[in-house]
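1. with the sequence up front, the predicted model follows.
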Amino acid sequence: MSNPCLKCPTDQSCCRELHGLKVNDAEFKQLFEGKSEHLTVLQKGKLYEISSHGSGPCPHWDQQCQVYGKRPMDCDLYPYTMGNVFEGEGEVYATYHSRTECPLTAELLGPREAAEALIRNFLKDTYGEHCKITVRYDEGAARIYHLARRAAAKAKRLMFADKP
């Protein structure tokens, strides 16, 4: 399977600074359970949110993705990213966006319908066929909030980059 990210001019910084990856139980058990000592893992309902300790790489990163053919849905979705997921009784509401620093976004970004179908199938697998699934593209105030959080995180990394 060809990995278009191998031509990334930032050396796949999204994989080298894993933050907020959403996976379901099956993906967690298959790909991350034995590597959790290197990760911050938050379980939120039926989903796990995975980040590296500090700003380290994904545990499957070794100069390129070692699990590319069986990577988690959230990685497959990129440069779209799942946002908030709200669980209710018999229903799930999820947002997604395309606000990334990926320099290949214009080339890699597929149609929203394909992204929504991927998310919908993932959520059906996670929550069951009978669960009502709503998926929306995240626009508006959430974009400003997200950009402010990213800018603050980047400023913090830069501020401490020179510290021993």
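-> Now that the structure is in, tell me what you want to look at. Residues are numbered from 1 along each chain as shown.
2. for the host helix or strand of residue 154, what is the average pLDDT?
-> In the assignment (DSSP states H and E), residue 154 maps to helix 141-161. For helix 141-161, mean pLDDT is 70.
3. what does stretch 123-135 give?
-> 95.
4. now the terminal residues of it, how far apart.
-> End-to-end distance for stretch 123-135, by Cα to Cα, to the nearest Å: 10 Å.
5. report the distance from that stretch to the chain centre.
-> Offset of stretch 123-135 from its chain centre (Cα atoms, centre = their mean, to the nearest Å): 19 Å.
6. list the contacts for the most centrally placed residue in the chain?
-> What sits nearest the mean C-alpha location of the chain, by Cα atoms, centre = their mean, is residue 21, with 3.6 Å. With contact taken as Cβ atoms under 8 Å, 6 or more residues apart in numbering, residue 21 is in contact with 49-51, 58, 72, 74-75. No exception for glycine: its C-beta is placed from N, CA and C like everyone else's.
7. could you do residue 58 as well?
-> 15-16, 18, 21, 52, 65.
8. next SSE after the helix or strand where residue 93 lies?
-> Assigned by DSSP H and E, residue 93 belongs to strand 91-97. Moving toward the C-terminus from strand 91-97, the next helix or strand (DSSP H and E) is helix 105-108.
9. buried sites along that next one?
-> Across helix 105-108, burial judged by 16 or more other Cβ atoms under 10 Å covers residue 108.
10. put the alpha carbons of it into CSV.
-> What follows is helix 105-108, C-alpha atoms only, in CSV (Å, rounded to 0.1, in the frame of the first residue of the first chain):
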residue,chain,number,x,y,z
THR,A,105,-3.7,19.0,2.7
ALA,A,106,-4.8,20.3,-0.7
GLU,A,107,-3.5,17.2,-2.3
LEU,A,108,-4.7,14.7,0.2
